[in-house]
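Visitor: What follows is a predicted protein model with its sequence.
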Amino acid sequence: MVVDISFNSKSVIIHSIDEVLKEFSFTYSSRSVLEFLTSDSSTLMVEGPIDHVSELAQYIAMFEFVEWVEPALTHNPLNKWATGSCQSGDPNLPVIYWANITGAGQVVGIADTGLDVNSCFFFDPLEEVPYNMTSMSHKKLVTYITYADYVDSDGHGTHVSGSAAGKCDDTKQSVGEFNGLAYNAKVAFFDIGTGSGDFQDPVELIIPNDINENLCQVLFDQGARVINLSWGAMTNAYTIQARDIDQFMWSHPEALVVAAAGNNGESSFGSINSPATSKNCVSVGASLNDKESWDDRIFGSNEVYSSSTLAGFSSRGPTSDNRVKPDIVAPGQYIISADSSEKYKYTCDVKSSEGTSSASPLVAASAVLVRQWFVDGYYPTGERNENHSFVPSGALLKAVLIHSGQSLTAILNSDMSITSTTYGDSNQGYGRVQLDEVLSFGSGLNGDIGMYVIGSAYRTSEMYREMTYTDEVHAYNITVSSSEDPLKITLVYTDYPAVAGTVKALVNDLDIVLTNGSHSWYSLQSAVNAAVSDIPSDNTNNVEVIVLPQPYIHCNYTLTVHARSLSHTQPYALVMTSHITHLNYTLSDVSLPSESTAINWIVRALIAGAISVMALTVFYVLWTMGVFRRLTCMRYALKRKRKWGDRTQKQPSQSLYASSLSFQSTSDGVSSPQASWVAQSRSTGTSPNAEIAKVRLESVLVSVDDDGDGAEKDW
């Protein structure tokens, strides 16, 4: 059994759980106790007999400090052609490299099965490996955290790290074409894998209980601002780990977590894995690799074998609360990258692999390149200028990646059948990453497409924007000079973490609307939300995209960012591209055009005034005619004759607020005996959502509300 607890007082919670375990004859696993006692983690792991779990879960759920119970999930590990494809869509055109954007000065964090430090893609003959320490002089590694061990018998972590940032400097080797996408970035590595990787001793992933404090924070402290997680568990729920990532990104505005979507795409919709169900992370699906990678595997010239086709295994959304996932895709089939050696000696081995595990590090590396582009001062001119440097938020990095997405046209299934997919759906999200569609480098590389962004990580920058109250509106006036390229707008914001297991993960709700005076355009995911207004809106996702394929030349457009609902101050990131010739920004307290704009209020005031004047006129005419005196006489006569109609009194409307706890047996296909239970929150505090939990018989997680108000906390 596993118990996950957030707490206000360690001694109180430990005592409470001790009493629970004693009553049911449970004992702590030594590793779990040590992890709980030696960290500030909000989680506690406990194991026990399978036949007691359901009863124990029910008992624990009755405590006031218990907020959430969930199963201890089983996690699975989920470039030659891909590096060019992510930059330009053409494996032979690495246009980002031509501008000297290679990841220099950046650190990518990777938590995986291990890393072969003797691989030529990471080996430094002059420096010791920085195990559990920081090194600024090692060729590739800033640190190697030996959380599980210090080897990679499986090869998964070495392959993932090689795709992201591997670089072979050995001129005697001919493997340089398989360098990672951000090959000059450094790696902060966190080892979470044990086992030899063979059938007898499969790799086991040992994930820290609190991946916010005990994984992401550790890598962030080593300089990593982009963190890759190429593993997950098969559930589309908003789990504790998804919440942990949202908490981490909320607390660290310049950080971005990238997570593999999973490899269960052909099982069903909603096959997205956790923690890729996080709102704020970039969830990555897999397309096929470029057609050149298929040349020795197929005959003919079938165009479906290309990076514009989704791999059938790539896990699909939506999440349990109907959010669009994955966010983006990258090549994830036939990816050639570094391989580990079982002999622990110098090697330049490479291997081909497939899966969203292979796609995710390519997106993480793309984020690293985008970050370097901003930090080195390439925005807005496309030419390097240190005076233009600013620190981008994680939300802006995510917005640029999503904005770069190119629509996929088909899905290639394992039986070689082909099905369709549409840009913005829960198969591909917002398409395949292609950086040259958004990053510019003057006129010499990828054309003259104007770009405007908002999204500094810090308030001191002019590139920073935030919403502070509900119904606040920011307006951007835009003029374009050409209709050759679409006017594309992407809004992304790092949302406040919700309660794990909630039926709706979105806490703050921002919307975008584009107008030109006579027409309005809404985000792709907008749906009519009658509870708020009669206009299209998206109250589920923290990503919104508007695409106007052929904007009117010299037409004045207004983009409004509307804080439809806020519970916390909300920064946001914005990316706009087209042939933009004019753009200015204003703040306003008025709402959207179809709701409570200043014009509408003026019109309403005029109408109300006219009605008042008409009413007074009618009253005066009736008074002068003596109508009211006659009515008074009639009323008096009726009263004397007692000719009253029956009176009925309306009963006041009734509202019942009930709490419940119920249990329900089920099966989810796992071979071991299991059950699930559903618990409705007993909280009457500020938490905006009810909670729903599923628990396997063999293990549960419990999260605690430390002060009983039902609200999610900053741990």
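Guide: Arrived safely, thanks for sending. Since the model is a prediction, treat every value here as computed from it, not as a measurement.
Visitor: Could you measure from Val453 over to His403?
Guide: Separation of Val453 from His403 (CB to CB, to the nearest Å): 9 Å. In this view, the C-beta of every residue, glycine as well, is placed from N, C-alpha and C.
Visitor: okay, and the common contacts of these two?
Guide: Listed as contacting both Val453 and His403 by CB atoms under 8 Å, 6 or more residues apart in numbering are Val575.
Visitor: Comparing those two, which residue is more hemmed in?
Guide: Set side by side, Val453 and His403 show more neighbours around His403, with 27 against 22, by other CB atoms under 10 Å.
Visitor: Next up, phi/psi of the more buried one, please.
Guide: Per-residue torsions, His403: phi -60, psi -30 (degrees, to the nearest 10).
Visitor: in terms of contact, does it touch Val438 like I think?
Guide: Yes: with contact defined as CB atoms under 8 Å, His403 and Val438 form a contacting pair (5.0 Å).
Visitor: Common neighbours of the two, please.
Guide: Contact criterion CB under 8 Å, 6+ apart; residues shared by His403 and Val438: Val575, Thr577.
Visitor: helices or strands up against the helix or strand where His582 lies?
Guide: In the assignment (DSSP states H and E), His582 maps to strand 580-588. Strand 580-588 sits against strand 450-454, strand 473-480, with contacts defined as 3 or more CB pairs under 8 Å, 6 or more residues apart in numbering; DSSP states H and E.
Visitor: Residues touching that strand, excluding its own?
Guide: 450-452, 472-481, 576.
Visitor: let's go with 6 Å and repeat that
Guide: Contact partners of strand 580-588, identified using CB atoms under 6 Å, 6 or more residues apart in numbering, comprise Gly450, Tyr452, Val473, His474, Ala475, Tyr476, Asn477, Ile478, Thr479, Val480, Ser481.
Visitor: farthest-separated two in the residues you listed?
Guide: Greatest spatial distance in those: Val473 and Ser481, 26.4 Å, computed using CB to CB.
Visitor: More neighbours: which of these two?
Guide: Ranked by neighbour count (other CB under 10 Å), Val473 and Ser481 place Val473 first, with 21 against 14.
Visitor: So the more buried one is in contact with His562, correct?
Guide: Yes: Val473 is within contact range of His562, at 5.2 Å (criterion: CB atoms under 6 Å).
Visitor: Low-confidence regions, the stretch 151-300 of the chain specifically.
Guide: For the stretch 151-300 of the chain, residues meeting the criterion pLDDT under 70 lie at 196-200, 291-300.
Visitor: Could you rerun that using 50?
Guide: For the stretch 151-300 of the chain, the stretches with pLDDT under 50 are 299-300.
Visitor: Pull the strand holding His582 out as PDB, backbone CA atoms only.
Guide: The C-alpha coordinates for strand 580-588 follow below in PDB (Å, rounded to 0.1, in the frame of the first residue of the first chain):
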ATOM      1  CA  ILE A 580       2.400  42.800 -38.400                       C
ATOM      2  CA  THR A 581       3.100  46.500 -39.200                       C
ATOM      3  CA  HIS A 582       1.400  48.100 -36.100                       C
ATOM      4  CA  LEU A 583       0.700  46.900 -32.600                       C
ATOM      5  CA  ASN A 584      -0.200  48.800 -29.400                       C
ATOM      6  CA  TYR A 585      -1.400  47.700 -26.000                       C
ATOM      7  CA  THR A 586      -3.900  49.100 -23.600                       C
ATOM      8  CA  LEU A 587      -5.500  48.000 -20.300                       C
ATOM      9  CA  SER A 588      -9.200  48.200 -19.800                       C
END
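Visitor: So what are the sheet partners of it and their directions?
Guide: Strands that pair with strand 580-588, judged by DSSP bridges, come out as strand 473-480 (antiparallel).
Visitor: How about the partner strand, which residues are buried there?
Guide: Val473, His474, Ala475, Tyr476, Ile478, Thr479, Val480 (16 or more other CB atoms under 10 Å).
Visitor: Next, format these as CSV and append pLDDT and distance to Leu181.
Guide: Shown next, in CSV, are these (pLDDT from 0 to 100; distance: CB to CB, whole Å):
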residue, pLDDT, distance to Leu181
Val473, 96, 39
His474, 96, 34
Ala475, 96, 37
Tyr476, 95, 32
Ile478, 92, 32
Thr479, 90, 36
Val480, 89, 32
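Visitor: ok, so of the residues you listed, who is nearest Ser352?
Guide: For those, the minimum distance to Ser352 (CB to CB) is 44.0 Å, reached by Val480.
Visitor: can you tell me how far the closest one sits from Ile553?
Guide: Per CB to CB, Val480 is found 7 Å from Ile553.
Visitor: How about Gly382?
Guide: Separation of Gly382 from Ile553 (CB to CB): 23 Å.
Visitor: Comparing these two, which shows the higher neighbour count?
Guide: Shown here are Gly382 and Ile553; by other CB under 10 Å, Gly382 has more neighbours (20 against 13).
Visitor: Surely the more buried one and Leu439 touch.
Guide: No: counting by CB under 6 Å, Gly382 stays clear of Leu439, with 8.0 Å between them.
Visitor: Would you state the helices of this structure in chain order?
Guide: Per DSSP state H, the chain carries helices over the ranges 10-23, 30-37, 53-60, 82-88, 95-98, 156-165, 217-221, 240-251, 356-375, 394-403, 598-624, 627-640.
Visitor: Pull out the buried positions in the shortest one.
Guide: Within helix 95-98, the residues scored as buried using 16+ other CB under 10 Å are Val95, Ile96, Tyr97.
Visitor: Could you do stretch 408-421 as well?
Guide: Leu408, Thr409, Ala410, Ile411, Leu412, Thr421.
Visitor: for stretch 204-224, same thing?
Guide: Burial within stretch 204-224, assessed by neighbour count using 16+ other CB under 10 Å, is assigned to 205, 207-220, 222-224.
Visitor: neighbouring contacts of that stretch?
Guide: 41-43, 45, 75, 107, 109, 111, 142-143, 148, 188, 190, 192-195, 227, 231, 241, 244, 247-248, 252, 255.
Visitor: now swap in stretch 228-236 and tell me
Guide: Contacts of stretch 228-236 (CB under 6 Å, 6+ apart): 73-75, 77-78, 110-111, 160, 205, 258-260, 262, 264, 270, 272-274, 276-277, 319-320, 357, 360-361, 364.
Visitor: May I have it exported as CSV, CA atoms only?
Guide: Provided in CSV are the C-alpha atoms of stretch 228-236 (Å, rounded to 0.1, in the frame of the first residue of the first chain):
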residue,chain,number,x,y,z
ASN,A,228,12.2,16.3,-19.5
LEU,A,229,10.2,13.3,-18.2
SER,A,230,10.1,10.4,-20.7
TRP,A,231,8.0,8.2,-18.5
GLY,A,232,4.5,7.9,-17.1
ALA,A,233,1.6,5.8,-15.8
MET,A,234,-1.5,4.9,-17.8
THR,A,235,-4.2,7.2,-16.3
ASN,A,236,-5.7,10.3,-17.8
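Visitor: from now on call the first residue 754
Guide: Yep, numbering from 754; the last one is stretch 981-989 now.
Visitor: could you list every residue that touches Gly910?
Guide: Shown in contact with Gly910 (CB under 6 Å, 6+ apart): Asp865, Thr866, Gly867, Leu868.
Visitor: State the distance from the nearest residue to the first one once chain neighbours are set aside to Ala917.
Guide: Leaving aside its chain neighbours, Asp865 sits nearest to Gly910 (3.2 Å; criterion: CB to CB, 6 or more residues apart in numbering). Using CB to CB, one gets 11 Å for the distance from Gly910 to Ala917.
Visitor: cool, Leu968 as well?
Guide: Counting by CB to CB - Leu968 and Ala917 are separated by 17 Å.
Visitor: now Asn853
Guide: As judged by CB to CB, Asn853 and Ala917 stand 19 Å apart.
Visitor: Between the two, which has more neighbouring residues?
Guide: The neighbour comparison of Asn853 against Ala917 (other CB under 10 Å) goes to Ala917, with 32 against 13.
Visitor: what bits of the stretch 1204-1353 of the chain have low per-residue confidence?
Guide: Residue ranges of the stretch 1204-1353 of the chain with pLDDT under 50: 1281-1286, 1343-1353.
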